[in-house]
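Undergrad: task: produce atomic coordinates for the following.
(2 chains)
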Amino acid sequence: MGWVYVNEISNYDGKEVTLKGWLYNKRSSGKIWFLIFRDGTGFIQCVVSRSDTDEKTFQLYDELGQESSIIVHGIVHQDRRAPGGYEVIVKKIDVVQAVHDYPIALKEHGIDFLMDHRHLWLRSPKQVAILRIRHTVIKACRDFFDSHGFILADTPIFTPTACEGTTTLFETDYFGRKAYLTQSGQLYSEATAAALGKVYCFGPTFRAEKSKTRRHLTEFWMVEPEVAYYDLDDNMKLAEEFVSYVVQTVLKERKKELEVLERDISLLEKVEPPFPRITYSEAVEILKENGIDFEWGNDFGGADETVISNQFEKPVMIHRFPAKVKAFYMKRDPENEELALGVDVLAPEGYGEIIGGGQREENYEILRKRIKEFGLSEEVFKWYLDLRKFGSVPHSGFGMGVERAVAWICGLKHIRETIPFPRTIYRLEP
RNA sequence: UCCGGCGUAGCUCAAUAGGCAGAGCGGGUGGCUGUUAACCACUAGGUUGUAGGUUCGAGUCCUACCGCCGGAGCCA
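TA: Numbering: from 1, shown residues only, chains lettered A, B, ... in the order given. This next block holds a predicted model:
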């Protein structure tokens, strides 16, 4: 029998197979030894005993250290004693590379050491589970929009100026002039939405803010839908359906991985529309009821978000923020000029903001005024203002931080494990 | 940038009140035919982040610097 992967091993009970992968761990009991084999699709115990294998293979115990690359030939065998229910009775092992000094032992390690060895840490079961879930989250995002009539329209990474003029951007030399790495594709998506109706962009995003918290990376991925003729309510409906679809897809397709992560999925199972909707003012009331001294008009901090989201089992949507804490392009509430038609979605369990979005200002003169008020250059936003000059329509959208969503779904304390190679303020390697 | 914490063997951590630098894991050697981060015995492994200072004596106290971690602000 030919090469098979661990995740399809149950189809080969009693058959002879070949597995290609790596040695995860080994245990010896003298005349019998066990190796835990991994190939990227799963882990399986293999049994090497004098009675079933040749002497040369049996002697390999001493040669093979953790993460040696090996090809195992043996017979698949259902056995209750094996983790996973199946094991392989080894007939022969081909050594691709014997390793003796793998740095990551099977025990607890400090985060600094693990991050220095991120390229190897990725091989451990929890990291593999997280990256599989990340894959499913990303695929679910795309499937959702693709099946709802959205067109993927990529937005540029190099931008001539700050999109919102608020955060610090990474500056690069662009053939002698300054260019910045994008902090959001939104403004460009507004242009593609006017061309295609319903669009989304999905790409890396960069923030040079010196944020040092478990919720921040300097490089992260965002998925940002934008829809022409959507108002704030349409937008919120889209957001709750979208988030629910992503969570339910992970629950359906990644049960094993969530078990590896020991994630309590009872709250995730409740993530279905409708989500609770509260106004900013109602959120402020919640804070006051919980004894927090909070002044109307400020933006919520991380601790505030946790208190608010703890009032709900599902993600909560907070809308109608004070306009002055939101970006210049936010449309004002016709019923109260002080409020912006923005919405944030806070994940439960203290995971904080996973989505920010809102309805955009579509009026040419008002938007021009806002650009001035925010001290931005009208020249730079000339193209953006054009969108309000030629067939302007109400439109809305939002952005979801992929890593924050993955951290929440996986139940991770820190966002850095949700991306293969995290970039934080003081870490550029590996 | 600000505030706080940490830095001891390859790794995770101990080390009374300033008084002989230690354990587990990993490595090495030997033992064991059903192990589950296997176990048992033995063994090697150290410029205590760096530079100064206080002291008879500093891993421990003081100063500066470096590195990392967390939080604030900002945000997804």
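Undergrad: who are the packing partners of the helix or strand harbouring A:N235?
TA: Using DSSP states H and E, A:N235 sits within helix A:232-253. The helices and strands touching helix A:232-253, judged by 3 or more CB pairs under 8 Å, 6 or more residues apart in numbering; DSSP states H and E, are helix A:125-146, strand A:219-228, strand A:316-322, strand A:336-347, strand A:352-360, strand A:395-401, helix A:402-410. Every C-beta, even on glycine, is put in place using the N, C-alpha and C of the backbone.
Undergrad: out of the ones you listed, which is closest to A:P83?
TA: Among these, helix A:125-146 comes nearest to A:P83, with 10.9 Å by CB to CB.
Undergrad: quick check: what element follows the closest one along the chain?
TA: Assigned by DSSP H and E, the successor of helix A:125-146 is strand A:151-152.
Undergrad: next, count neighbours for the residue nearest to A:W121 when sequence neighbours are not counted.
TA: By the measure of CB to CB, 6 or more residues apart in numbering, the closest residue to A:W121 outside its immediate chain neighbours is A:L114, 4.9 Å from it. A:L114: 17 surrounding residues under other CB atoms under 10 Å.
Undergrad: what helix or strand is A:L114 on?
TA: helix A:111-116.
Undergrad: ok, that helix near RNA strand B or not?
TA: Yes - remark: helix A:111-116 sits within contact range of RNA strand B at A:I111, A:D112, A:F113, A:M115, by CB under 7 Å from any atom of the strand.
Undergrad: swap in stretch A:147-158?
TA: No - using CB under 7 Å from any atom of the strand, we find that stretch A:147-158 stays clear of RNA strand B, coming within 14.4 Å at best.
Undergrad: now do the helices in the stretch 51-200 of chain A.
TA: Along the stretch 51-200 of chain A, counting by DSSP state H, counting those that start in this stretch, helices occupy A:55-58, A:111-116, A:118-121, A:125-146, A:186-196.
Undergrad: would JSON lines of those with distance to A:N235 and mean pLDDT be doable?
TA: Converted to JSON lines, these look like this (distance: least, CB to CB, whole Å; pLDDT from 0 to 100):
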{"stretch": "helix A:55-58", "distance to A:N235": "62", "mean pLDDT": "88"}
{"stretch": "helix A:111-116", "distance to A:N235": "37", "mean pLDDT": "86"}
{"stretch": "helix A:118-121", "distance to A:N235": "37", "mean pLDDT": "90"}
{"stretch": "helix A:125-146", "distance to A:N235": "14", "mean pLDDT": "96"}
{"stretch": "helix A:186-196", "distance to A:N235": "12", "mean pLDDT": "96"}
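Undergrad: for A:I419, find the nearest of the ones you listed.
TA: Nearest of the helices of the stretch 51-200 of chain A (CB to CB): helix A:125-146, 7.3 Å.
Undergrad: anything in stretch A:298-306 near RNA strand B?
TA: Yes - shown here: stretch A:298-306 in contact with RNA strand B (CB under 7 Å from any atom of the strand) through A:D299, A:G301, A:G302, A:A303, A:E305.
Undergrad: switch the helices and strands packed on helix A:232-253 over to a markdown table; also include distance to A:D54 and mean neighbour count.
TA: Formatted as a markdown table, those follow (distance: least, CB to CB, whole Å; neighbours: other CB atoms under 10 Å):
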| stretch | distance to A:D54 | mean neighbour count |
| --- | --- | --- |
| helix A:125-146 | 31 | 19 |
| strand A:219-228 | 49 | 23 |
| strand A:316-322 | 63 | 23 |
| strand A:336-347 | 55 | 22 |
| strand A:352-360 | 55 | 24 |
| strand A:395-401 | 54 | 25 |
| helix A:402-410 | 43 | 25 |
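Undergrad: identify the farthest-apart pair in the residues of stretch A:298-306 next to RNA strand B.
TA: Farthest apart among these by CB to CB are A:D299 and A:A303. That separation is 12.5 Å.
Undergrad: just the element for A:L385, please.
TA: For A:L385, the element it lies in under DSSP H and E is helix A:382-386.
Undergrad: now that helix: mean pLDDT?
TA: In this model, helix A:382-386 has an average pLDDT of 94.
Undergrad: and which of the residues of stretch A:298-306 next to RNA strand B is nearest to A:D173?
TA: A:D299 (33.6 Å).
Undergrad: pretty sure that closest one contacts A:V325?
TA: Yes - look at A:D299 against A:V325 with CB atoms under 8 Å: they come within range, at 4.3 Å.
Undergrad: tell me the contacts of A:D52?
TA: Taking CB atoms under 8 Å, 6 or more residues apart in numbering, we find A:D52 in contact with A:G74, A:I89, A:V90, A:K91.
Undergrad: so which of the residues you listed are also by RNA strand B?
TA: Near RNA strand B, by the rule CB under 7 Å from any atom of the strand, you find A:I89 out of these.
Undergrad: just among the contacts of A:D52, which is most surrounded?
TA: Most surrounded of these: other CB under 10 Å gives A:V90, at 26 neighbours.
Undergrad: list the beta-bridge partners for it.
TA: Beta-bridge pairing of A:V90 under DSSP bridges involves A:G74.
Undergrad: equivalent analysis for the one 5 residues further on, please.
TA: When assigned by DSSP bridges, A:V95 has beta-bridge partners A:I70.
Undergrad: just checking, it touches A:I70?
TA: Yes - the pair A:V95 and A:I70 passes the contact test of CB under 8 Å, sitting 5.8 Å apart.
Undergrad: what do those two both touch?
TA: Common neighbours of A:V95 and A:I70 (CB under 8 Å, 6+ apart) are A:L64.
Undergrad: when those two are compared, which one has more neighbours?
TA: Higher neighbour count among A:V95 and A:I70: A:I70, with 23 against 15, using other CB under 10 Å.
Undergrad: got the contact list for that one?
TA: A:G21, A:W22, A:L23, A:F37, A:L64, A:I93, A:D94, A:V95, A:V96.
Undergrad: can you put the residues of stretch A:298-306 next to RNA strand B in a markdown table and add secondary structure and pLDDT?
TA: Listed next are the residues of stretch A:298-306 next to RNA strand B as a markdown table, based on DSSP: H, G, I helix; E, B strand; the rest coil; pLDDT from 0 to 100:
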| residue | secondary structure | pLDDT |
| --- | --- | --- |
| A:D299 | coil | 87 |
| A:G301 | coil | 85 |
| A:G302 | helix | 84 |
| A:A303 | helix | 85 |
| A:E305 | helix | 91 |
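Undergrad: what are the buried residues along stretch A:10-18?
TA: Within stretch A:10-18, the residues that count as buried by 16 or more other CB atoms under 10 Å are A:Y12, A:V17.
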